[in-house]
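> Predicted model, plus sequence, below.
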Amino acid sequence: MAAVPQAVTRGSRVAGASPKGILRGSRDTVILLAFVLVPFTLEMFWTFWPALNSVYISLTRWDGISPPQFIGLDNYARMWSDDTFRLALRNTVIWLVLFGGLSVLGGLGLALLLDKPRRGIGIYRAIFFLPVVFSLVVTALVWRMIYQPDGVINSILSAVGLEDQAKIWLGDPDTALYAQILPALWRQIGYIMVLFLAGLKTVDPLLHEAAKMDGASAFERFRYITLPQLRPVSTVVLAVTVIDALRSFDIVWSLTQGGPYHSSELLSTYQFATGVQGSQLGYGSALAVLIFVLTVGTIVVYLARSLREEETA
Amino acid sequence: MTTKSRTRPWLFHGGMSLLALLWLVPLLLVLVTSLRTFDDLADRGLASLPKALTFGPYREALGLGEWRSIINSLIIAVPVVIVSLVLASMAAYALARHRIPFRRTLLLLMLAGNLLPAQLLLIPVLKLTEQFGLFDSLLGMIVVQTAVGLGFYVFVLHGFMRGIPDEVTQAARIDGASTFGVYLRIVLPLTKPAMAALGSLAFTWTFNDLLWSITLLRSEEKLPVTPAILGMQGDEFVSSWNVIAAATVVAAIPTVIVFLRFQRYFISGLLIGSAK
């Protein structure tokens, strides 16, 4: 491979020109090659190779047992006449907007409140961050108790005289999806907060002082000083949020498995149910490809827009 | 800003403690529920105040096989952390400290591989594990979770190792250290903080995994604790909430320990983590 000559040059240059050095140089090359190629090959074999396979499988009809049958883009065409798919796509968009939007707003709000050094601030940060270390399954089980028919939410509702609002939150098609956004937020907000806190560290306090002397209000300072300086971290937060939102699976799978009647189905849960649990491997792969395209597409659109804004700014 | 905040500390702390309490309520609820008896819960419901507290639910949860599933989790997570860090540090060292052709492309390919959504990999990886006899085995879980996570660790360690001054490694070279010697005795010790951060993250991610476990494992006795506690609530023998709550608390303990032990590294890990 082409990697050999250059690595040797460097190895032998450093080792000197003695015969022993040349010998060692070639041994070094072998070691370096192994250092790169073993991890690289292992990862590529279990990521890009399966990903390419998924693209191919998405063009076939395959039950996983008999040989796959090439059917072109039929699986993609089938999506548009599939009601469950349309519901899952709609729910995924709702999930992206609500879960993504609220976690960014909540995380930014908490970061702004907990940015300046104050007594007790470390404890608050730790408390809001704590749910991040739990698995989403743990989170789901915690909230399942809260949403039980005899759980805390319904008890509070009847305590304040709103018995008629009490529901089986996770069993009602009208509320099942929205009820799951809350636990997802509970876990995500602390994570986004930490990202923004790191971003806020880079904001120069002198700018705030100067603006205050010029009579800028707190809101104006936020709008014209803090926000623009948060732009780099915002790009990171957006990418993290889009990736996390579109691959959200654990919480919904743990709480409702997309039910009742697909009312809380996301693309990820539908993909799992059809392609992994079910025997429609072709269709499931097409859904997986779509999730990938949506993730990359959303991030690219955002990056393109923010680049254009920067140019005009 | 400073004058303002000094005049309103009460408002700040009042509001914040209320919010923080709200954040903790779900956890307190689970803790209390996990310490109640079945009869108490059955009589008075999940939202009531407990009459008496007992450790019975924990004994029951652990007796129902949660021990075994925790051990499964550790059998998977510990090797994944170790092998990931070893392989990733090797690749990062070679790519960051040597002029390997296409090193940038190799690095970006590895990072990109890590960013592919798991959904895109599930079906083919399932088929691959079947071909290799790794389906429904803990070894298969270790191999797959190590492989799909590598790119990110290589990326972070690469950035970290590039920051090590050239003089340090050159000096060791002149003293006659081999490539491997420089890696083992100079670069690795200097990379410890980043390794601790990545190690605690890798442990948490692997331990908390649900998707790969339910895709690649079938036998109940091989399930790690995260999918195992999910199965408990469907089990008619354990439909009692106090046992499920106890099992949930137990399942959360290992990651909380790692978080508390490596808190400093953990947060810095998440920050570099966001760079992916």
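That came through, no problem.

> which residues sit in contact with B:V225?
Shown in contact with B:V225 (CB atoms under 8 Å, 6 or more residues apart in numbering or on different chains): B:66, B:69-70, B:72-73, B:207, B:250-251. C-beta here means a position set from N, CA and C on the backbone, and glycine is covered the same way.

> quick check, nearest of those to B:L121?
B:F207 (19.9 Å; CB to CB).

> would you list the contacts of B:V225 in CSV and tack on distance to chain A, neighbour count and pLDDT?
Shown next, in CSV, are the contacts of B:V225 (distance: CB to the nearest CB, whole Å; neighbours: other CB atoms under 10 Å in any protein chain shown; pLDDT from 0 to 100):
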residue, distance to chain A, neighbour count, pLDDT
B:E66, 13, 21, 88
B:S69, 12, 25, 94
B:I70, 13, 19, 95
B:N72, 14, 21, 96
B:S73, 10, 27, 96
B:F207, 7, 25, 96
B:V250, 10, 21, 94
B:A251, 6, 28, 93
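
> Filter those down to the ones in helices?
Mapping these onto helices (DSSP state H) picks out B:69-70, B:72-73, B:207, B:250-251.

> Which pair of those spans the longest distance?
Checking these with CB to CB, the most distant pair is B:N72 and B:V250, at 13.6 Å.

> quick one, strands of chain B?
Using DSSP state E, chain B contains no strands.

> mind giving me the domain split of it?
Taking automatic domain parsing as the criterion, chain B consists of the domains B:2-34, B:65-274.

> swap in chain A?
Per automatic domain parsing, the structural domains of chain A span A:1-46, A:82-278.

> deepest of those, which one?
Greatest average neighbour count among those goes to domain A:82-278 (a mean of 18), per mean count of other CB atoms under 10 Å in any protein chain shown.

> and that one, what's its mean pLDDT?
For domain A:82-278, mean pLDDT is 90.

> That one spans what distance, first to last residue?
Counting by CA to CA, to the nearest Å, you get 16 Å between the two ends of domain A:82-278.

> picking up where we left off before, dump the domains of chain A to JSON lines, plus distance to A:D63.
Formatted as JSON lines, the domains of chain A follow (distance: least, CB to CB, whole Å):
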{"stretch": "domain A:1-46", "distance to A:D63": "24"}
{"stretch": "domain A:82-278", "distance to A:D63": "9"}
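
> Is it possible to get the ones you listed out as JSON lines so that each row also shows distance to chain B?
JSON lines is the format used below for the domains of chain A (distance: least, CB to the nearest CB, whole Å):
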{"stretch": "domain A:1-46", "distance to chain B": "4"}
{"stretch": "domain A:82-278", "distance to chain B": "3"}
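
> Out of those domains, which gets nearest to A:L307?
A:L307 lies closest, by CB to CB, to one member of the domains of chain A: domain A:82-278, at 10.0 Å.

> Quick one: distance of the closest one to the chain centre.
Put simply, domain A:82-278 sits 11 Å off its chain's centre (CA atoms, centre = their mean, to the nearest Å).

> do stretch B:138-158 as well
Distance, stretch centre to chain centre, for stretch B:138-158: 12 Å (CA atoms, centre = their mean).

> what about it, near chain A?
Yes: against chain A, stretch B:138-158 shows contacts by CB under 8 Å from any CB of the partner chain at B:143-144, B:146-148, B:150-151, B:154.

> Without its sequence neighbours, what residue ends up closest to whatever residue of the stretch 201-313 of chain A ends up closest to chain B?
Relative to chain B, the nearest point of the stretch 201-313 of chain A is A:A288 (4.1 Å; CB to the nearest CB). Among residues not flanking A:A288 along the chain, B:Q119 sits closest, at 4.1 Å (CB to CB, 6 or more residues apart in numbering or on different chains).

> List the contacts of B:W23.
Under the criterion of CB under 8 Å, 6+ apart, the neighbours of B:W23 are A:127-128, A:130-131, A:186.

> Residue nearest the middle of the chain, spatially speaking?
No chain was given, so I picked chain A. Note on chain A: the residue nearest the mean C-alpha position is A:D244, at 1.4 Å, using CA atoms, centre = their mean.

> other chain: chain B
Mean-position check on chain B, CA atoms, centre = their mean. Result B:T204 at 1.2 Å.

> Next one: B:K192 from chain A, what distance?
Distance, B:K192 to chain A, using CB to the nearest CB, to the nearest Å: 19 Å.

> so the residue nearest to the centre of chain B sits right up against B:V258, yeah?
Yes: B:T204 is in contact with B:V258 according to CB atoms under 8 Å; the separation is 6.2 Å.

> Give the residues shared as contacts by these two.
In contact with both B:T204 and B:V258: A:133, B:266, using CB under 8 Å, 6+ apart.

> Tell me which helix or strand comes right after the helix or strand harbouring A:L108.
Using DSSP states H and E, the element containing A:L108 is helix A:101-113. Moving toward the C-terminus from helix A:101-113, the next helix or strand (DSSP H and E) is helix A:121-129.
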